[in-house]
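Engineer: Predicted model follows, preceded by the sequence.
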Amino acid sequence: MNIASMSAARAAGAGEVMRLAGTAETPGLLIRRAAGAGPSVIYVHGATFPSALSVAYRFDGRSWMDDLQERGFDVWSFDFAGYGGSDRPASFLAQAHDNAPFGRAPEATKQLARVIEYVLDVTGRTRVSLIAHSWGSIIAGLYASLHPERVERLVLFGPIAQRKTPGPLAPESIGAWRLVSVCDQLARFVEDVPQDHAPVLIEPTLADWGPAYLASDAQAANRRPEAAVKIPSGPRADISSAWSGRLGYDPTQVTAPTLIVRGAWDSLCRDSDAQWLRGQLGTSEIRDVVIPEGTHLMHLEHARSGLFEAAGAFLMKTWL
């Protein structure tokens with residue numbers, strides 16, 4: 001087994017893997033489950049890497065899915081179309097700017113809805129809780145605003161809020177897809193860490209995570225000038241819209257108890273962003289937790305223990 005294969009196997013470490021079949025109109029989706037007797041929790045990944053590289057990725061033999069399962073939850077995650085083990089769209093075969101950004105919030109929310117209905121059908125339950133990271137918070141927020149009867153509790157990890165930023169990228173100027181290398185990922189993973197601070201990533205050079213990331217796209221190794229993963233540009237367009245004053249959902253319609261959890265060094269979810277969300281959410285139960293020495297990628301950092309504890313306590317309703 002080569003390094004990439006070993007890293008991919010490590011990344012896929014949590015539980016059972018299954019597939020939600022696609023149709024002519026809907027993509028096939030990869031789903032993961034770490035079964036438990038307790039309430040169902042579904043993880044919604046962010047803009048640039050799938051479930052195997054996030055909630056299911058094991059550092060020192062332990063992933064966030066493992067942690068949630070050990071707390072008694074029935075844990076699920078999935079890959080949006082265009083990521084990991086899910087189907088790729090036809091627009092990935094064309095030049096990036098030949099098509100509109102793929103994977104915008106309305107379409108991605110339909111994928112989440114399919115996964116939720118599948119989970120409810122398998123478990124016989126009527127509601128789930130959601131943990132959503134970064135761009136995924138837009139998808140989870142949109143779903144929760146449209147289907148409040150289906151959402152028990154909501155954890156927004158490093159959520160995207162509405163801003164009014166001068167000169168953001170116009171969504172229509174962003175192509176259907178983009179390429180992201182391991183070097184690109186590492187640069188953005190460390191950009192918010194103070195220069196005089198020791199590395200906070202558990203793998204400071206992404207020694208294992210990097211090959212696993214490249215292995216999530218069968219064509220990554222063939223790209224030049226460096227290996228890179230092709231990902232949808234819809235998330236970038238959604239974030240650009242949110243930062244130009246058009247968040248992809250109405251937070252006032254979110255009535256599920258909500259936790260906002262973020263790193264102290266997270267530039268994508270600043271104090272002002274969390275304050276705006278707290279003021280807009282339609283639920284009366286809101287908690288806002290800041291984890292010291294964490295960035296937007298806390299689930300890959302030493303601070304993940306604080307993230308896991310905050311999310312777990314909130315979902316278990318044991319918060320004091």
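Structural biologist: Ah, there it is.
Engineer: Next, the contact list for Arg304, please.
Structural biologist: For Arg304, the contact set (Cβ atoms under 8 Å, 6 or more residues apart in numbering) comprises Phe59, Trp64, Ile202, Met298. C-betas here are computed from N, CA, C, even on glycine.
Engineer: What residues sit buried inside stretch 95-102?
Structural biologist: Ala96, Asn99, Pro101, Phe102 (16 or more other Cβ atoms under 10 Å).
Engineer: Can you pick out the ones from those residues that are in helices?
Structural biologist: Under the assignment DSSP state H, those contribute nothing to helices.
Engineer: Put together TSV for these, with pLDDT and distance to Thr26 on each row.
Structural biologist: TSV is the format used below for the buried residues of stretch 95-102 (pLDDT from 0 to 100; distance: Cβ to Cβ, whole Å):
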residue	pLDDT	distance to Thr26
Ala96	94	23
Asn99	95	18
Pro101	96	19
Phe102	97	14
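Engineer: Turn those residues into a markdown table, columns for distance to Ser267.
Structural biologist: Shown next, in a markdown table, are those (distance: Cβ to Cβ, whole Å):
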| residue | distance to Ser267 |
| --- | --- |
| Ala96 | 26 |
| Asn99 | 30 |
| Pro101 | 23 |
| Phe102 | 26 |
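Engineer: Just name the closest of the residues you listed to Ala37, please.
Structural biologist: The closest of the buried residues of stretch 95-102 to Ala37 turns out to be Phe102 (Cβ to Cβ; 37.9 Å).
Engineer: Run a quick check on that closest one versus Ile174, I expect a contact.
Structural biologist: No. Assessed by Cβ atoms under 8 Å, Phe102 is found out of contact with Ile174, at 10.0 Å.
Engineer: any common contacting residues for these two?
Structural biologist: With Cβ under 8 Å, 6+ apart as the test, Phe102 and Ile174 both reach Ser233.
Engineer: Would you map the strands across the stretch 201-320 of the chain?
Structural biologist: With DSSP state E, counting those that start in this stretch, the ranges of strands along the stretch 201-320 of the chain come out as 229-232, 258-263, 286-291.
Engineer: In terms of secondary structure, what does the shortest one contact?
Structural biologist: Under the contact definition 3 or more Cβ pairs under 8 Å, 6 or more residues apart in numbering; DSSP states H and E, strand 229-232 sits against strand 177-180.
Engineer: I'd assumed Leu142 was in a helix, is it?
Structural biologist: Yes. When classified by DSSP: H, G, I helix; E, B strand; the rest coil, Leu142 is found to be part of a helix.
Engineer: Thought Gly175 was touching His97, still the case?
Structural biologist: Yes. Judged on Cβ under 8 Å, His97 makes contact with Gly175 at a distance of 4.3 Å.
Engineer: For stretch 302-311, list every residue counted as buried.
Structural biologist: Ala303, Arg304, Gly306, Leu307, Phe308, Ala310, Ala311.
Engineer: how close does the fourth one get to Val180?
Structural biologist: Distance check for Leu307 against Val180: by Cβ to Cβ, to the nearest Å, it reads 23 Å.
Engineer: re earlier: from the strands of the stretch 201-320 of the chain, which stretch is densest packed?
Structural biologist: Counting by mean count of other Cβ atoms under 10 Å, strand 258-263 has the highest mean neighbour count of the strands of the stretch 201-320 of the chain, with a mean of 26.
Engineer: For stretch 140-158, the averaged confidence score.
Structural biologist: Mean per-residue pLDDT for stretch 140-158: 98.
Engineer: distance between the ends of it?
Structural biologist: One end of stretch 140-158 sits 13 Å from the other (Cα to Cα, to the nearest Å).
Engineer: Now for Pro194, how many residues are close by?
Structural biologist: 9 (other Cβ atoms under 10 Å).
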